[in-house]
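J.: output the structure for:
(6 chains)
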There are 6 protein chains.
Amino acid sequence: MEFQYENSFEVKEKINQSKIAILPIGAVEAHGPHLPLGTDNLLAERLSQKLAERVNGFVLPTLPYGQVWSLRNFPGSINVSNESLISFLVDIGESLFNQGFRTFAMVNGHLGNQTALKEAARVLYETCPEMRVFYFFYPGMNKAAAEVRDKKSAHNAYFHACEIETSYMLYLAPEYVDMSKALSEDPIISMAADFTPTPWEEFTETAVLGDAKLATEDKGKYIVDIALENMVKMIDELKG
Amino acid sequence: MEFQYENSFEVKEKINQSKIAILPIGAVEAHGPHLPLGTDNLLAERLSQKLAERVNGFVLPTLPYGQVWSLRNFPGSINVSNESLISFLVDIGESLFNQGFRTFAMVNGHLGNQTALKEAARVLYETCPEMRVFYFFYPGMNKAAAEVRDKKSAHNAYFHACEIETSYMLYLAPEYVDMSKALSEDPIISMAADFTPTPWEEFTETAVLGDAKLATEDKGKYIVDIALENMVKMIDELKG
Amino acid sequence: MEFQYENSFEVKEKINQSKIAILPIGAVEAHGPHLPLGTDNLLAERLSQKLAERVNGFVLPTLPYGQVWSLRNFPGSINVSNESLISFLVDIGESLFNQGFRTFAMVNGHLGNQTALKEAARVLYETCPEMRVFYFFYPGMNKAAAEVRDKKSAHNAYFHACEIETSYMLYLAPEYVDMSKALSEDPIISMAADFTPTPWEEFTETAVLGDAKLATEDKGKYIVDIALENMVKMIDELKG
Amino acid sequence: MEFQYENSFEVKEKINQSKIAILPIGAVEAHGPHLPLGTDNLLAERLSQKLAERVNGFVLPTLPYGQVWSLRNFPGSINVSNESLISFLVDIGESLFNQGFRTFAMVNGHLGNQTALKEAARVLYETCPEMRVFYFFYPGMNKAAAEVRDKKSAHNAYFHACEIETSYMLYLAPEYVDMSKALSEDPIISMAADFTPTPWEEFTETAVLGDAKLATEDKGKYIVDIALENMVKMIDELKG
Amino acid sequence: MEFQYENSFEVKEKINQSKIAILPIGAVEAHGPHLPLGTDNLLAERLSQKLAERVNGFVLPTLPYGQVWSLRNFPGSINVSNESLISFLVDIGESLFNQGFRTFAMVNGHLGNQTALKEAARVLYETCPEMRVFYFFYPGMNKAAAEVRDKKSAHNAYFHACEIETSYMLYLAPEYVDMSKALSEDPIISMAADFTPTPWEEFTETAVLGDAKLATEDKGKYIVDIALENMVKMIDELKG
Amino acid sequence: MEFQYENSFEVKEKINQSKIAILPIGAVEAHGPHLPLGTDNLLAERLSQKLAERVNGFVLPTLPYGQVWSLRNFPGSINVSNESLISFLVDIGESLFNQGFRTFAMVNGHLGNQTALKEAARVLYETCPEMRVFYFFYPGMNKAAAEVRDKKSAHNAYFHACEIETSYMLYLAPEYVDMSKALSEDPIISMAADFTPTPWEEFTETAVLGDAKLATEDKGKYIVDIALENMVKMIDELKG
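T.: Below you'll find the predicted structure:
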């Protein structure tokens, strides 16, 4: 169910039967030559739709701007501060609670948002204690990705426009991928990148953190489906 | 050009040739039984696409949440505060400026956002003085609507899910209109509604401020095309 | 009753009998050569006194600073931000509520304040739901002014130091008007002024938006008395 | 020169010749049965006028609301938070600087404002380093008051509606004093009042901190004239 | 009892028996050649320990940074804004209340902190009304110091690295004093320093406001013991 | 060099020779029965001292309060919000920059602080671009801990009062460890704890996340020395 295509006369009853709101949130950000700027939005949106079907939830309109401090100097990136993002999400969450929702699942397609989402969830934990708030970012993907990837990750937390993320796109939004432009990169990310502010132009010119050529729909499907299962399970177990 | 489908390798050059960013901004809000909650998003988005074609600008992803204080208690409405909205838009604007844009046109589909948009534009006027910022809300529509409407407006500034807005939808997004459910309402809005906080439940149960049955695609086209011409003209005359 | 000339020992009982607080709020702002910088303060104050007599309310001391972004670069203008103004007014409102007032009527003499006043009223709507808050700006004046004015308005919302506002002064504070200096101006305000930040120096050097020479006490009295009646009516109908 | 009675066409030249702006700031606050709620406003205003004459400065319109935390529960008190007050004053100060002023003297009639005034002055010290900002509160009064008072003060910093403040009023605004109602109080203020939040209802029912009956115009004149001399001297020595 | 050396399994019971938390707060700030930058931290800490023994309270870890606007340009000073300090202290206070404390005594070693401490205490007065909050700064020291000092103070409120503060150190933390470097200074502090922002470099190069050579342990003991008695008395009388 | 024991007359020259400031930051937080509440402070402080010796830096006074949302309901925990912490650290950082420091290394002993430290570092990246800011949290510990631990970690990111952290204490602050009270715990932390606000009382009563009995000084030394080497290396390579 796409929330914004519902009408006000019927939606109340439907909310009461579902009580689950799913917010796709991504970013506009450089993703190399083979993926569009809106990659994280597309992923979040498509994954949210799958999740909504499984848990009988509403998909809210995508919030298509996120915190992209690390890549803000790359062509096409649009950056929103943590503070603005937190405040915006808290407002949305409180409205959802007032509308009768008891589960608010943010499905995030962009790692950089995770800090703000977690903080927003904690604020809502105080103001709407009866609503369960999730800040999902491909739960379980680390293990799953390790199983299918052909090349070691460039960093233990970052993955970007690489074998993994491109695989997600080939599975969820293949019409936006141009594999003919896919690059194979091997950036050296120093340990210091974890402990001092490090814009990504310090270690990559392309924003591709790995070998995008190795991406396949199957790899994407494998990981994303696991993440989906995990989300379904958590919502079912904990829903408000 | 849809900004989020561009890629980072080519977008720089394109930005330099256009320098115009267009942000559709709407809301999720009750619009009676015949129009969807996302009406203002659909209108802002479609109108932005027309505008982008005319001025060779980029359409950014729609910001689909707005300030809906007045209707926040109606089923399906999601409300974001002026403060959150201002702060979010200022961040976007500053990023656009850093990316090389010199015109930032917000195309607004929801009257309630206008205060926040104007304030954000004033902040950007200080921080990015070389970028021209617009907060468009159907420029010229008052006169144009007066010419085509069959029934007097319920209020001198508000129009909502009525003859006029439904006409916009019949022109811009007819696939989301169900005219068979259109209502004819005649709410009495007291003068006090302009001078004291007045949630709309005080004067309407349906959120339809007029006779939606009188809506036609032609009326919508007449007004919207005038608004479009006005936006084109202002951008052309004042672009940074 | 002027609130600040009451004493603490007697005021409690009087508040309980009236419960109505009236706050004049204006601005210090350029008003051409024939009107003083404090024109909006004088108008707000005198109108508040008339209102207080009619509804048996207290006139609070005038808040003499407002948001004058548009004219801030003109000689003599003093500008306070919306944020500061909102926050200040909310504090005053909450104190008034604690003191026992149940109607808080802001009588505004300066259009630029209206955004902040409305926002402050909405905050108080949440924090002091039992107190009715008004943000009056000459209610009904548009229709009334249209009836008496000899020359068309330069803008559908702005009027400033012109036939109309000068008439108000001739009625309410004639001792501060020097009609021998009154100007007749005919500024062209482009449509863009409604949709992009536009300091007034872009269309006027004098800040006089019309023909001040046409001002008369009678015109002022006609409009202001209608506004006064409207305020009295709204307070009587809705008072807390 | 009263700033708000100047007009925009002539004021620029006058500002350039004076460069000194004087802001009276007071409060609306309980002052016993013999003094009005607006005592601090009246004192600040009248003292500002004397100061303006001496230094050829402009008197701005009085800011008549202040921080009255300690007395906020007394009938008639209106309290504004430090934060709101600071922010409001900083805005005014920055406007004055932009208008060409190089000395901004706040003449304060209410001790509770002093924290906010000092903080605002420090902010302006950063943002307008070329403007000298004063936060005057009867400079030199401690010594002078000790010389003329007949009864020991109830507290080493507070004086309120007492022998001293009533004397100020008898000198500066006698028409608002009703000596027939003056009280003689002898409140015991514990040391803890300086080290833990202590609303004044804990030690006084009247808000009169001493023997108001001992007030005379002469005492007031003696202290106030010394304060005036001190202000004149500081402005002359340090003006921007 | 030093709070941070307690363990979580036993501390609950101990809190319930004491209910008194003591927070030493100082600053890192220039104190001349004979005293260390952390003088105010050392004093606050040692005095807190004495106080804790007397009232059976817990000493919390020292908050070693404060507001040092006046001396921020001197070598070694670290300045924290009032806003940051207030917000930090309010958080600590609310946690202490949740942990079961009913008395929160801030023992301050740095005059510049006093504004922030008082404001934080007022916030806590609203949010934790059942907890008594103190902002102690050597209560009673003015009178006591006057009795023992050999040389007149340079200012009626400031004392710094001088006869008095050095005496405190000789009593409470003598191992950090190097009397061989003690200076005898005689700064002229103009009256204006109380009424306009005045960084101390305007009247001293050394930050020593008096004759540090006159300091003795006895003087320190005399004053500090009086302050200690006063704190004990206030806590005993008013504890929550 | 301990910064707060330096004096103002000599410190300038020393700062110029070192330019490196090291801030230990920890928390007051439940750490089971065998470790004190101030464990994170002790670890941060002792590790900072080792680091200072190696890089010839100054150790600043420990900031002993941190963000302990997850454990805030455990006896003895004191929680400071991210916002307060960020703001406080930014102030300290800006002061250090003004004092001449060009490397500001925060040595963090508490994982929960990491979000605030990173955000503060990003703010300073804008305001003090010439100063390098680190937010160290045992760099390289994950790999090193995996090599020495006898029992699998309860969580991929959290470690707390367990085999690892207790080993740190046995190496750095053994006098505060009571191994006779060490517990062996085996909490089940669900995947949801990473994606929805989850106070730790949901999965542990003791706050011990593992087998503290397995802790040894050698394990602690092995990991901590690696972390120390890593910090030294990063500072040397990147110092401002």
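
J.: now do the strands in chain A.
T.: With DSSP state E, the ranges of strands along chain A come out as A:20-25, A:58-59, A:103-108, A:132-136.

J.: reformat the ones you listed as JSON lines; add mean pLDDT.
T.: As requested, the strands of chain A are exported to JSON lines (pLDDT from 0 to 100):
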{"stretch": "strand A:20-25", "mean pLDDT": "98"}
{"stretch": "strand A:58-59", "mean pLDDT": "98"}
{"stretch": "strand A:103-108", "mean pLDDT": "98"}
{"stretch": "strand A:132-136", "mean pLDDT": "98"}
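
J.: for chain F, find the nearest of these.
T.: Nearest of the strands of chain A to chain F, taken as CB to the nearest CB: strand A:132-136 at 5.0 Å. The C-beta positions use only the backbone N, C-alpha and C, and glycine is treated the same way.

J.: that closest one: how far from the chain's middle?
T.: Relative to the mean C-alpha coordinate of its chain, strand A:132-136 is positioned 12 Å out (CA atoms, centre = their mean, to the nearest Å).

J.: what does that strand rub up against?
T.: Strand A:132-136 is contacted from outside by A:93, A:102-108, A:114, A:117-118, A:120-121, A:124-125, A:227, A:231, A:234-235, A:238-240, F:192, F:195-197, using CB atoms under 8 Å, 6 or more residues apart in numbering or on different chains.

J.: buried only: go through these for me.
T.: Burial by neighbour count, judged by 16 or more other CB atoms under 10 Å in any protein chain shown, picks out A:93, A:102-108, A:114, A:117-118, A:120-121, A:124-125, A:227, A:231, A:234-235, A:239-240, F:192, F:195-197 from those.

J.: just checking, A:Glu45 touches A:Ile22?
T.: No. At 10.0 Å, A:Glu45 does not count as touching A:Ile22 under the criterion of CB atoms under 8 Å.

J.: check contacts around A:Thr198.
T.: Contact partners of A:Thr198, counting by CB under 8 Å, 6+ apart, are A:70, A:192.

J.: and the gap between the nearest residue to A:Ile25 once chain neighbours are set aside and A:Gly26?
T.: Ranked by CB to CB, 6 or more residues apart in numbering or on different chains and with sequence neighbours excluded, the top spatial neighbour of A:Ile25 is A:Leu63, at 4.5 Å. To A:Gly26, A:Leu63 is 8 Å away according to CB to CB, to the nearest Å.

J.: equivalent analysis for A:Pro199, please.
T.: A:Pro199 is 20 Å from A:Gly26, where distance means CB to CB.

J.: with A:Tyr158 instead?
T.: 16 Å.

J.: comparing these two, which residue is more hemmed in?
T.: Taking other CB atoms under 10 Å in any protein chain shown, A:Tyr158 and A:Gly26 do not tie; A:Gly26 has more neighbours (25 against 18).

J.: could you pull out the helices in chain A for me?
T.: A:8-18, A:39-55, A:82-98, A:114-127, A:141-148, A:163-172, A:217-238 (DSSP state H).

J.: so for chain E, which of those sits nearest?
T.: Among these, the nearest to chain E by CB to the nearest CB is helix A:114-127 (12.1 Å).

J.: and for the residue of chain A found nearest chain C, the neighbour number?
T.: Chain C sits closest to A:Glu94 of chain A, with a gap of 12.1 Å, by CB to the nearest CB. A:Glu94 has 21 neighbours, counted by other CB under 10 Å.

J.: surely it is in contact with A:Thr127?
T.: Yes. Shown here, A:Glu94 and A:Thr127 form a contact pair, counting by CB under 8 Å, at 6.2 Å.

J.: quick one: A:Ser167 from F:Val107, how far?
T.: 39 Å.

J.: oh, that last question was meant for A:Val107, not what I typed.
T.: 36 Å.

J.: surely A:Ala21 touches A:Phe58?
T.: Yes. Between A:Ala21 and A:Phe58 a contact is recorded at 5.3 Å, counting by CB under 8 Å.

J.: which neighbours do those two have in common?
T.: Common neighbours of A:Ala21 and A:Phe58 (CB under 8 Å, 6+ apart) are A:Phe3.

J.: those two - which one has more neighbours?
T.: Comparing A:Ala21 with A:Phe58 by other CB under 10 Å, the one with more neighbours is A:Ala21, at 28 against 24.

J.: can you pull the contacts of that one?
T.: Contacts of A:Ala21 by CB under 8 Å, 6+ apart are A:3, A:57-58, A:60, A:96, A:101, A:103-105.

J.: pick the one among those closest to B:Ala146.
T.: A:Phe3 (34.3 Å; CB to CB).

J.: ok, how many other residues are close to the closest one?
T.: For A:Phe3, the neighbour count with other CB under 10 Å is 26.

J.: against D:Ala52, how distant is the nearest residue to it once chain neighbours are set aside?
T.: What sits nearest to A:Phe3 in space, not counting adjacent residues and going by CB to CB, 6+ apart, is A:Phe58, at 4.3 Å. In this view, A:Phe58 and D:Ala52 are 64 Å apart by CB to CB.

J.: right, and A:Asn7 touches B:Pro36 too?
T.: Yes. A:Asn7 is within contact range of B:Pro36, at 5.7 Å (criterion: CB under 8 Å).

J.: between those two, who's got more neighbours?
T.: B:Pro36 (26 against 22).

J.: and the more buried one, what does it touch?
T.: By CB under 8 Å, 6+ apart, the contact set of B:Pro36 is A:4-7, B:42, B:176.

J.: gap between the residue nearest to the spatial centre of chain A and A:Leu209?
T.: Nearest to the mean C-alpha position of chain A, by CA atoms, centre = their mean, lies A:Gly109 at 1.5 Å. Distance of A:Gly109 to A:Leu209, given as CB to CB: 16 Å.

J.: ok, A:Lys233 next?
T.: With CB to CB as the criterion, A:Lys233 and A:Leu209 are 29 Å apart.

J.: who has more neighbours, these two?
T.: More crowded of A:Lys233 and A:Leu209, by other CB under 10 Å: A:Leu209, with 25 against 17.

J.: which residues does the more buried one contact?
T.: A:153-155, A:158-162, A:185, A:187, A:189.

J.: any regions of chain A where pLDDT drops low?
T.: Within chain A, the segments meeting pLDDT under 70 span A:240.

J.: so which residues on it come close to chain F?
T.: Contact residues (CB under 8 Å from any CB of the partner chain) of chain A with chain F: A:69, A:82, A:115, A:118-119, A:121-122, A:125, A:132-137, A:139-140, A:142, A:156, A:191-192, A:194-197, A:230, A:234, A:237-238.

J.: nearest residue to A:Val232 other than its sequence neighbours?
T.: Computed as CB to CB, 6+ apart, the closest residue to A:Val232 that is not its neighbour in sequence is A:Arg54, at 4.8 Å.

J.: am I right that the one you found is in contact with A:Lys233?
T.: No. Checked against CB under 8 Å, the pair A:Arg54 and A:Lys233 is beyond contact range at 10.0 Å.

J.: re earlier: would TSV of the contacts of B:Pro36 with distance to chain E be doable?
T.: Output for the contacts of B:Pro36, formatted as TSV (distance: CB to the nearest CB, whole Å):
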residue	distance to chain E
A:Gln4	38
A:Tyr5	43
A:Glu6	40
A:Asn7	43
B:Leu42	42
B:Tyr176	47
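
J.: which of the residues you listed count as buried?
T.: Neighbour counting by 16+ other CB under 10 Å classes A:4, A:6-7, B:42, B:176 among these as buried.

J.: which one of the residues you listed sits closest to C:Thr204?
T.: Proximity of those to C:Thr204 (CB to CB) peaks at B:Leu42, which lies at 39.4 Å.

J.: count of residues packed around the closest residue to the closest one other than its chain neighbours?
T.: Take B:Leu42 and drop its neighbours on the chain: the residue closest to it by CB to CB, 6+ apart is B:Ala173, 4.2 Å away. Using other CB under 10 Å, B:Ala173 has 20 neighbouring residues.

J.: quick one: contacts for B:Ala173?
T.: Applying CB under 8 Å, 6+ apart, the residues near B:Ala173 are B:39, B:42-43, B:46.

J.: which one of those sits in the busiest neighbourhood?
T.: Result: B:Thr39 is most packed of the contacts of B:Ala173 (other CB under 10 Å), 32 neighbours.
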